[in-house]
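>>> just to be clear, the model below is a prediction. Sequence and coordinates:
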Amino acid sequence: MMNKDQQMKKSAPNCNKFKKVDADDALRYKRKREELVAAGYGPARSIARWFKQNVDETYIRLEELRKKDLNVPQKPMYTETTADRPHHLLYPSIP
């Protein structure tokens, strides 16, 4: 009887409504991971699997080490932020 109910439409939920992609946050963590790899904290494949909390804690230790030791790779100067990028580069699937 419920299957014959005309008021109820059958449709799959739109999962895109629930996904929140923060491009600035994703770029920030990508850069942190790259800096951790450059500083020798591990291979990129290993660091890519770390939780954000672990990346943050290790990055804080790296910043403290940079202040003490000048031989550690220094933070590169980033000129581009996600706000500067064109929209089609941030979300290539969206026209």
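Good, I have the coordinates. Numbering: from 1, shown residues only.
>>> contacts for stretch 74-81?
D24, L27, R31, E35, E63, R66 (C-beta atoms under 8 Å, 6 or more residues apart in numbering). Any C-beta I mention is one placed from the backbone N, CA and C, and that applies to glycine too.
>>> where neighbours are concerned, which of the residues you listed has the most?
Greatest neighbour count in the contacts of stretch 74-81, by other C-beta atoms under 10 Å, goes to E35: 20 neighbours.
>>> for that residue, what are its contacts?
Contacts of E35 by C-beta under 8 Å, 6+ apart are Y59, L62, P73, K75, P76.
>>> likewise for F51?
Counting by C-beta under 8 Å, 6+ apart, F51 makes contact with nothing.
>>> count the neighbours of the closest residue to P43 other than its chain neighbours for me.
Counting by C-beta to C-beta, 6 or more residues apart in numbering, P43 lies nearest to V37, which is 7.0 Å off, once chain neighbours are set aside. Neighbours of V37 under the rule other C-beta under 10 Å: 17.
>>> and V37, how far from K68?
Look at V37 and K68: by C-beta to C-beta, to the nearest Å, they are 20 Å apart.
>>> also R31?
For R31 relative to K68 (C-beta to C-beta), the value is 22 Å.
>>> just checking, K52 touches Y29?
Yes: using C-beta atoms under 8 Å, K52 makes contact with Y29 at a distance of 6.4 Å.
>>> looking at these two, which one has more neighbours?
Y29 (17 against 11).
>>> and the more buried one, what does it touch?
Y29 makes contact with K52, V55, according to C-beta under 8 Å, 6+ apart.
>>> name the element it belongs to?
In the assignment (DSSP states H and E), Y29 maps to helix 23-38.
>>> repeat for N54
Going by DSSP H and E, N54 is part of helix 52-68.
>>> what does that helix contact?
Under C-beta under 8 Å, 6+ apart, the answer for helix 52-68 is Y29, K32, R33, E35, L36, A39, Y41, I47, W50, V72, Q74, K75.
>>> pLDDT at K52, what is it?
The per-residue pLDDT reported for K52 equals 93.
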